[in-house]
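# please work out how this folds:
(2 chains)
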2 protein chains.
Amino acid sequence: MSQPERTNIEKLGEFGLIDHLTKNFDIDPVFTRYGVGDDAAILKNTADSTVVSTDMLVEGIHFDLMYHPLKHLGYKAVVVNLSDIYAMNARPHQITVSVAISNRFSVEAMDELYAGIQKACEFYHVDLVGGDTTTSKSGLIISVTALGQASSDKITYRNGASPGDLLVTTGDLGGAYIGLQLLEREKKVFMENPDIKPDLEDQDYLVGRLLKPEARKDIIEEFEKKQITPTSMIDISDGLASELFHLCDQSGVHGFIEEDMIPVAQETKEMAFKFNIDPTIAALSGGEDYELLFTIDPADRPKVLKMADATIIGEMTPTGEGIALHSKGGNIHPLKAQGWQHFNTK
Amino acid sequence: MSQPERTNIEKLGEFGLIDHLTKNFDIDPVFTRYGVGDDAAILKNTADSTVVSTDMLVEGIHFDLMYHPLKHLGYKAVVVNLSDIYAMNARPHQITVSVAISNRFSVEAMDELYAGIQKACEFYHVDLVGGDTTTSKSGLIISVTALGQASSDKITYRNGASPGDLLVTTGDLGGAYIGLQLLEREKKVFMENPDIKPDLEDQDYLVGRLLKPEARKDIIEEFEKKQITPTSMIDISDGLASELFHLCDQSGVHGFIEEDMIPVAQETKEMAFKFNIDPTIAALSGGEDYELLFTIDPADRPKVLKMADATIIGEMTPTGEGIALHSKGGNIHPLKAQGWQHFNTK
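Got it, this is the predicted structure:
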């Protein structure tokens, strides 16, 4: 096996590295007046509001480079931020990306990361308009800010749900969490015996759910086409239970989920059983699915039933009725908010 | 001496920590529809453009906690980003702050950092509207994004300078660099003998230039009042020489600086001599002064002469005439761009 090429970051310097990494990125003049290259980027205001969200991903906390290819990581770092913009019922148009890297990373490694960032920019039609590249003492840290535009009458907050509103999720849930278990298992096997080939065949779906999630741009477009404005919305980054708690807390309501209705992919179910994990638990507490959880006025039910990839899974109730799971067995279980709280699990 | 209180970050958890740190921050409804607490923040578009800039500060690379108090660091992290917004002749209205911290930091330490962030928010009238708090493997990393609004006809880029335009700097230069030498010297003394008290008496000015710089909000306000629109502008973060190169490169012109005219504070000069550093070198290559460097149409000269804290230091020339320093001795020295390139100096 030939050694991959390795150019030290020092060779380019800070400005040279930024230029090198961003030289293939185009901007769309409809949304961006000026991108990378000045003290600040200039975005066109095309509606009455700018929407902004930011996230920091830290090596060893949010991702493991043993199984997360840098290109996929770049893609995912963008997607998780775009997901937050879509969760406001808004359209993202720009991102900024700041990266801190230790000298363990080469220019070629950064090229991989930025190739993934570029792929996401192209797919979601957003412009990379700024950022920063610096050294770190250890590991890789990526900070992405996503920016979008929206009309204030279409913006969907977490706090607009009323009792009687229907609870809806897009896609299927729990896949990313089971994908993580799979990758952690294979990593453990590999650490114990580097000669054993990872057993990930036919697991593209689950591994993909974790390593290369997508944000639900299509759902926001469908809302516009079908003239649906959800009453509240959030993206599912920390698990269904945690997100339901956010909607309830901020809307001042309670709500329930019908276990029977939670969409879980066949691949997720099968692998969950192999790991002895209840697929419902994976969906409720797993996180990182980046689906949208929203509530609708019951009058919009017929429209939502016609959506290709949305499932009504429950209902909001008056405060006092509890936040609960109606189980397949007919029992009512009070839910607990179990997010991925990194500070708690360390 | 009593031990300062120390609460572990784990005690609050991620969401608890964000809530705790941001609970005292107000937003101004004139500029911000919705701040912290949803998937994204919502900013009001009050002009035709949104201006955005981002910076990442890494412990051990951009700051040293041995002499940088956390409160000042929080203040500075905001200021350096606001400076970029002002450098576009725009007004900042919001920031987002993401922080990664190792478990070496307590809740009280974070309180200090956020007290500084809040002080900057109040002084510059900007709203903290979002961010992220996460664990890091080592040290403190702060990523700030600043957002502002501007009319596109007032925005000042780096690329608008013409031959004959006058080159102007605000404030005085080189102070932050000499302040850094002073602090590094005292750190070295302290490391060798922790019983020796740091000799920083009467050095408030120099130390303050490094540890608690200000962004030139007042200058942007003066531009508006005096109806001055610079032809190009940049903030001085990497040293006068480096910034002049950016203006020249991007405007397609050359230019010169009169050494005699470079404003250097008396405190900077005196301490520079003690360190055997040429004050002109400190101004040209030092960096971190966060003054504004801009060019004006010669017709605006009378207006600029009336500005309280701006100095005409040179002139832009046609390409081919070189980027040069006219020295006090009457010689012409070609300048080199020497920024603070962290990758090069490691």
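# ok, now which ones touch the closest residue to residue A:130 other than its chain neighbours?
Excluding the flanking residues, the one nearest residue A:130 by CB to CB, 6 or more residues apart in numbering or on different chains is residue A:96, at 4.1 Å. For every residue, glycine as well, the C-beta is placed using N, CA and C. The neighbours of residue A:96, taking CB atoms under 8 Å, 6 or more residues apart in numbering or on different chains as the test, are A:41, A:128, A:129, A:130, A:131, A:144, A:145, A:147, B:52, B:54, B:145.
# what bridges to residue A:96?
Counting by DSSP bridges, residue A:96 forms beta bridges with residue A:130, residue A:145.
# helix, strand, or coil at the most centrally placed residue in chain A?
In chain A, the residue lying closest to the centroid (CA atoms, centre = their mean) is residue A:80, at 3.2 Å. Look at residue A:80: counting by DSSP: H, G, I helix; E, B strand; the rest coil, its state is helix.
# beta partners for the closest residue to it other than its chain neighbours?
The shortest distance from residue A:80 to any non-neighbouring residue, by CB to CB, 6+ apart, is to residue A:55 (5.7 Å). Beta-bridge pairing for residue A:55 (DSSP bridges): residue A:144.
# who's in contact with the closest residue to residue A:214 other than its chain neighbours?
Once flanking residues are discounted, residue A:214 sits nearest to residue A:79: 6.2 Å by CB to CB, 6+ apart. Neighbouring residues of residue A:79 by CB under 8 Å, 6+ apart: A:120, A:124, A:213, A:214, A:215, A:290.
# pLDDT at residue A:180, what is it?
pLDDT recorded at residue A:180 is 94.
# same thing with the one 3 residues further on?
Reported pLDDT at residue A:183 in the predicted model: 93.
# now do residue A:341
Per the predicted model, pLDDT is 41 at residue A:341.
# my guess is residue A:203 contacts residue A:182. True?
Yes: at 6.0 Å, residue A:203 counts as touching residue A:182 under the criterion of CB atoms under 8 Å.
# find residues that contact each of the two.
Contacts common to residue A:203 and residue A:182, judged by CB under 8 Å, 6+ apart, are residue A:271.
# which one of the two has more residues nearby?
Counted by other CB atoms under 10 Å in any protein chain shown, residue A:203 and residue A:182 do not tie: residue A:182 has more neighbours, with 21 against 17.
# quickly find the element holding the more buried one.
In the assignment (DSSP states H and E), residue A:182 maps to helix A:175-192.
# report all helices and strands that that helix contacts.
helix A:204-211, helix A:266-274, helix A:279-285 (3 or more CB pairs under 8 Å, 6 or more residues apart in numbering or on different chains; DSSP states H and E).
# name the helices or strands packed onto the helix or strand just after the shortest one?
In the C-terminal direction, the helix or strand that comes right after helix A:279-285 (DSSP H and E) is strand A:292-296. In this structure, strand A:292-296 makes packing contacts with strand A:166-170, strand A:232-235, helix A:240-251, judged by 3+ CB pairs under 8 Å, 6+ apart.
# burial check on the residue of the stretch 101-250 of chain A found nearest chain B, number of neighbours?
Closest to chain B within the stretch 101-250 of chain A is residue A:143: 3.9 Å, counting by CB to the nearest CB. Around residue A:143 sit 31 other residues, with neighbours defined as other CB under 10 Å.
# got the contact list for the nearest residue to it once chain neighbours are set aside?
Nearest residue to residue A:143, sequence neighbours excluded (CB to CB, 6+ apart): residue B:143, at 3.9 Å. Residue B:143 makes contact with A:54, A:56, A:98, A:143, B:54, B:55, B:56, B:57, B:97, B:98, B:99, according to CB under 8 Å, 6+ apart.
# put the buried members of the residues you listed into a ChimeraX selection.
A single ChimeraX command selects the buried members of the contacts of residue B:143 (16 or more other CB atoms under 10 Å in any protein chain shown):
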select /A:54,56,98,143 /B:54,55,56,57,97,98,99
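# I'd like to know which of the contacts of residue B:143 is nearest to residue A:66.
residue A:56 (20.5 Å; CB to CB).
# I'd guessed the closest one sits against residue B:136; true?
No: using CB under 8 Å, residue A:56 makes no contact with residue B:136, being 9.1 Å away.
# which residues are common contacts for these two?
A:141, B:100.
# now render the helices and strands packed on helix A:175-192 as CSV, adding mean neighbour count and distance to chain B.
As requested, the helices and strands packed on helix A:175-192 are exported to CSV (neighbours: other CB atoms under 10 Å in any protein chain shown; distance: least, CB to the nearest CB, whole Å):
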stretch, mean neighbour count, distance to chain B
helix A:204-211, 20, 18
helix A:266-274, 17, 24
helix A:279-285, 24, 15
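# could these go into CSV alongside mean pLDDT?
Shown next, in CSV, are the helices and strands packed on helix A:175-192 (pLDDT from 0 to 100):
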stretch, mean pLDDT
helix A:204-211, 93
helix A:266-274, 96
helix A:279-285, 95
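# turn these into JSON lines, including distance to residue B:14.
What follows is those, written out as JSON lines (distance: least, CB to CB, whole Å):
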{"stretch": "helix A:204-211", "distance to residue B:14": "20"}
{"stretch": "helix A:266-274", "distance to residue B:14": "26"}
{"stretch": "helix A:279-285", "distance to residue B:14": "15"}
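# nearest approach to residue A:195 belongs to which of these?
Closest among the helices and strands packed on helix A:175-192, using CB to CB: helix A:204-211, at 21.2 Å.
# export only the CA atoms of that closest one, formatted as PDB.
C-alpha atoms of helix A:204-211 as PDB (Å, rounded to 0.1, in the frame of the first residue of the first chain):
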ATOM      1  CA  ASP A 204     -25.100   1.000   4.900                       C
ATOM      2  CA  TYR A 205     -28.500   2.300   6.200                       C
ATOM      3  CA  LEU A 206     -27.700   2.400   9.900                       C
ATOM      4  CA  VAL A 207     -24.100   3.500   9.500                       C
ATOM      5  CA  GLY A 208     -25.300   6.200   7.100                       C
ATOM      6  CA  ARG A 209     -27.900   7.500   9.500                       C
ATOM      7  CA  LEU A 210     -25.100   8.300  12.000                       C
ATOM      8  CA  LEU A 211     -22.300   9.200   9.700                       C
END
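# continuing past that helix, what's the next helix or strand?
Downstream of helix A:204-211 (by DSSP H and E), the next one is helix A:217-226.
# next, the angle from that next one to strand A:166-170.
Helix A:217-226 and strand A:166-170 meet at an angle of 130 degrees, taking axes from the mean of the first three to the mean of the last three CA atoms, to 10 degrees as the criterion.
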